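Asker: Starting from these lines, generate the structure:
(one chain, ligands or ions: 1)
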Amino acid sequence: MTRSILVTGGARGIGKGIAKAFLQKGDHVLIADLGGITSWKYSLSKSSDLTETVDELSSLGSIKAIGLDVTDYDSCIAATEHLVEDTGSLDVLVNNAGIVDSGPIDSFSESNWDRVFDVNVKGIYNMIRAALPYLRKSQDPAIVNTASIAGKRGSANMSCYCASKFAVVGLTQSLAQEFASSGIRVNAVCPGIVGTAMWFDHLMANQGEERFNSAMQQRIPLQQPQTVEDIGEAVVYLATAKNVTGISMNVAGGLDMH
Ligand code: NAD
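Answerer: Next up, the predicted model:
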């Protein structure tokens, strides 16, 4: 059965890898991401990223794009309606949009704290409420949230991001219980370390890909960072496995094992 998939934060990075994996499976994909200038500590996606990703992946199958701000409920409604008008259903919601900030808590600004929670946690609340009427009508509904191994273990100077990702794990477990009788499965993927803008433009800014790869080789038991393809493959599994709900699955090369 061909399903209709909505991937938030799908213009680049892990979201793009997830979109690619569903296209290779033969599904319809709508990537939804910021389509304008939103200021943050590092650049987030622009409308040109959406267009370029559609151009790059369209040879694989049916892919479209829409501007979305997950912190704006009306924008979430518009994205879900767009997919249903186009394909007739919304079967899988992938809540992948996210931002990171780091630093000691005494100098961490309240506005950045609020913004991280608005995107990483409330954005999922908004998207699920917008998608639920359609998921309830789907023949094979699933939700996959992108959490993180930072949602299972705290780290110094990462309190805000870790707390937001612990919240995603809690949301995943709670909604898995809440929706089980409706047949909507809810799972999370917990990537370890993937070389995207979060690392290259913030966490290890200006250090280059070579330095990143050698640092990760030292740090990760399987001696390599994860790829966006690794995460895409896991998300397709979580969205497809008929008897799996409420799990937060690590794809982390052994960096976290619980
Ligand atoms: P990324 O910055 O390349 O991708 C994040 C995407 O989310 C961007 O395209 C950005 O424009 C979009 N986004 C941000 N705010 C948004 C909003 N308000 N509305 C809609 N879209 C918005 O980074 P990534 O690494 O690909 O991150 C994807 C997800 O993976 C995030 O949830 C992140 O927390 C999670 N994650 C990443 C890593 C890693 O090592 N890169 C590890 C664990 C988890």
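
Asker: any chance you could map the strands in the stretch 151-258 of the chain?
Answerer: Applying DSSP state E, counting those that start in this stretch to the stretch 151-258 of the chain gives strands spanning 185-191, 248-251.

Asker: between those, which one is nearest to the ligand?
Answerer: The ligand sits nearest to strand 185-191 of all the strands of the stretch 151-258 of the chain, at 3.7 Å, using Cβ to the nearest ligand atom. Where C-beta positions appear, they are placed from N, C-alpha and C, glycine not excepted.

Asker: Show me what the closest one is packed up against.
Answerer: Helices and strands touching strand 185-191, by 3 or more Cβ pairs under 8 Å, 6 or more residues apart in numbering; DSSP states H and E, are strand 142-146, helix 159-179, helix 228-240, strand 248-251.

Asker: related to what we said a few turns ago, turn the strands of the stretch 151-258 of the chain into CSV, including mean pLDDT, mean neighbour count and distance to residue 50.
Answerer: What follows is these, written out as CSV (pLDDT from 0 to 100; neighbours: other Cβ atoms under 10 Å; distance: least, Cβ to Cβ, whole Å):
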stretch, mean pLDDT, mean neighbour count, distance to residue 50
strand 185-191, 99, 27, 22
strand 248-251, 98, 21, 25
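
Asker: I'd like these laid out as CSV, including distance to the ligand.
Answerer: What follows is these, written out as CSV (distance: least, Cβ to the nearest ligand atom, whole Å):
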stretch, distance to the ligand
strand 185-191, 4
strand 248-251, 9
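
Asker: does residue 119 really touch residue 71, like I thought?
Answerer: Yes - counting by Cβ atoms under 8 Å, residue 119 does reach residue 71; the two are 6.0 Å apart.

Asker: Just want the most central residue of the chain.
Answerer: residue 96 (1.4 Å; Cα atoms, centre = their mean).

Asker: what's the pLDDT at it?
Answerer: For residue 96, the pLDDT comes out at 98.

Asker: Same question for residue 35.
Answerer: 85.

Asker: secondary structure class for it?
Answerer: coil (DSSP: H, G, I helix; E, B strand; the rest coil).

Asker: and it, how far is that from residue 203?
Answerer: As judged by Cβ to Cβ, to the nearest Å, residue 35 and residue 203 stand 25 Å apart.

Asker: what's the answer for residue 33, then?
Answerer: Residue 33 is 20 Å from residue 203, by Cβ to Cβ.

Asker: Between the two, tell me which one has more neighbours.
Answerer: Neighbour tally, residue 33 and residue 203, criterion other Cβ atoms under 10 Å: the higher count belongs to residue 33, 29 against 18.

Asker: what residues does the protein put near the ligand?
Answerer: 8-9, 11-15, 33-34, 44-45, 68-71, 96-99, 119, 123, 146, 148, 191, 193-194, 196-199 (Cβ under 6 Å from any ligand atom).
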